[in-house]
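Engineer: no sequence on hand, only this structure:
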């Protein structure tokens, strides 16, 4: 419920004449804490006069201060989007004006207008979030986190304890969820926090707690001039945004997972981890995702109470789905190791990305690709072509060793791994199998096969691919006899979707994937 009357400011902002476009309509979008006005090429964001457990916009002075902070913080990631703060003032003739000489009535953030269809939630609905876009997004978030201010004043466990307390307070006034269900959910989170406390504290001590975005779900990312852009960060409370970087990322991962886009959620996490050395935090991801889902549950429940009748029921259903998701996310899922081998062009990376979201705890397995490891070893992007010299046998040996060591570390932390490499040497296959044995987890080896003509065609058609294999490389590989494979052989001559379904079915049943 709004505490202070904002009707005059709302009337001012909805009047096309205010924006110098008397013949055009002003479109409004309302959230639980803001009203957005779309006017021509500009956007004006008014903070609603609300007081909630996690935000207080009940006075015009508080809203004005929050607007100033919002512009300052969001210019870290979206400088071209945020134009500045506009004061709404009461003039002597009784009218309102932008930045007049009269007393403050309210304040708005002025932004550049962009196509609503470029919002990531809209793009996700339309199936337009391609692997390329998601990869750019993950790298951009990793870059932002790398430069965000470090905060070591609080322990990681105390930060998350505060988040859980805020959630408990926020659930209390909602009427959508049964009291016993809320109590059970709160108990589940407190138990999970107890299990995670030491790792949370270790990460905070290592500088993993930073002043992040804080509200990094799909609707707060857009394509601006073709580049993924983060906007609308948490500005009203620095503590809410000062969090573990993986907790920041987890909002986006959870949002994709909630929409049943498991492969996309997994891809975001993997591309982020390729860019940032945060694998030690993998055991926290299901907990972080679950907490983010609970936040969306109570926020959406509040929205449903203020919504028009036509929107009320869909919002209630969405809130309930967010409320139920943590049980799935926090369910115990044992770790396992899946190794995918085969000659260049057999579709190892496609299969790995296709099955990763269904292997192990949410959002699925850590995918360790030899191609990506090699590129990182040489300090270049995954898409940058390396010279032939980078494929000397001693370098390949180092790549396989790094892959095995990383796999063991992740497995010992309780998270699943998929390794993707040619694995044409017996020694390399034995080494990766030993990783599973050392970690005490199940192992599945999948060997992909296709005719040489198919492999040549696939490799010849590649563009911007992490693999540097050429047709000549394929011919050399195919000329070598493949013996003592010992892994499940799978033909990839058919459509990749069929191969993914076949392998997943076999892995779930615990039988060979042939």
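Structural biologist: All right, it came through fine. Here the structure is a predicted model, which is why all the values come from computation and not from measurement.
Engineer: how about residue 294, secondary structure?
Structural biologist: helix (DSSP: H, G, I helix; E, B strand; the rest coil).
Engineer: what secondary structure does the spatially closest residue to it that is not a sequence neighbour sit in?
Structural biologist: Among residues not flanking residue 294 along the chain, residue 167 sits closest, at 5.3 Å (Cβ to Cβ, 6 or more residues apart in numbering). Using the backbone N, CA and C atoms, a C-beta is placed for each residue, glycine as well. Judged by three-state DSSP, the three-state class of residue 167 is helix.
Engineer: would you confirm that residue 167 contacts residue 299?
Structural biologist: No - applying Cβ atoms under 8 Å, one finds residue 167 not in contact with residue 299, separated by 10.2 Å.
Engineer: would you mind measuring the gap between the ends of stretch 337-349?
Structural biologist: 15 Å (Cα to Cα, to the nearest Å).
Engineer: before we move on, back to that, what's the pLDDT at the residue nearest to residue 294?
Structural biologist: pLDDT, residue 167: 94.
Engineer: so what's the residue count around it?
Structural biologist: 21 (other Cβ atoms under 10 Å).
Engineer: from residue 208, how far out is it?
Structural biologist: 21 Å (Cβ to Cβ, to the nearest Å).
Engineer: kindly report the same for residue 422.
Structural biologist: Distance from residue 422 to residue 208, by Cβ to Cβ: 34 Å.
Engineer: repeat that for residue 241.
Structural biologist: To residue 208, residue 241 is 14 Å away according to Cβ to Cβ.
Engineer: pop out the phi and psi values for the residue in the chain sticking out farthest from the centre.
Structural biologist: Distance from the centre of the chain peaks at residue 93, with 50.2 Å (Cα atoms, centre = their mean). Backbone torsions of residue 93, given as degrees, to the nearest 10, read phi -90, psi 10.
Engineer: distance of it relative to residue 11?
Structural biologist: Counting by Cβ to Cβ - residue 93 and residue 11 are separated by 16 Å.
Engineer: can you check residue 205 too?
Structural biologist: Residue 205 is 52 Å from residue 11, by Cβ to Cβ.
Engineer: ok, now which ones touch the residue nearest to residue 294?
Structural biologist: Residue 167 makes contact with 186, 189, 291, 294, 295, 298, according to Cβ atoms under 8 Å, 6 or more residues apart in numbering.
Engineer: of these, which is the nearest to residue 122?
Structural biologist: Of all the contacts of residue 167, residue 295 has the smallest distance to residue 122: 21.2 Å, by Cβ to Cβ.
Engineer: distance of that closest one from residue 339?
Structural biologist: For residue 295 relative to residue 339 (Cβ to Cβ), the value is 37 Å.
Engineer: please identify which of those two sits among more neighbours.
Structural biologist: Neighbours were counted for residue 295 and for residue 339 using other Cβ under 10 Å; residue 339 has more, 29 against 20.
Engineer: could I get the pLDDT score of the more buried one?
Structural biologist: 97.
Engineer: same question for residue 32.
Structural biologist: At residue 32, pLDDT is 81.
Engineer: now it, what's its secondary structure?
Structural biologist: coil.
Engineer: likewise for residue 345?
Structural biologist: Classified using three-state DSSP, residue 345 is coil.
Engineer: that one and residue 449 touch, don't they?
Structural biologist: No - with contact defined as Cβ under 8 Å, residue 345 does not reach residue 449; the gap is 10.8 Å.
Engineer: looking at these two, which one has more neighbours?
Structural biologist: residue 345 (26 against 17).
Engineer: contacts only, for that one.
Structural biologist: So residue 345 contacts 450, 454, 455, 456, 457, 458, 459, 469, 474 (Cβ under 8 Å, 6+ apart).
Engineer: drop anything exposed from the residues you listed.
Structural biologist: Buried members of those, counted by 16 or more other Cβ atoms under 10 Å: 450, 454, 455, 456, 458, 459, 469, 474.
Engineer: how about the first one, phi and psi?
Structural biologist: Spelled out, that is residue 450. According to degrees, to the nearest 10, residue 450 has phi -160, psi 160.
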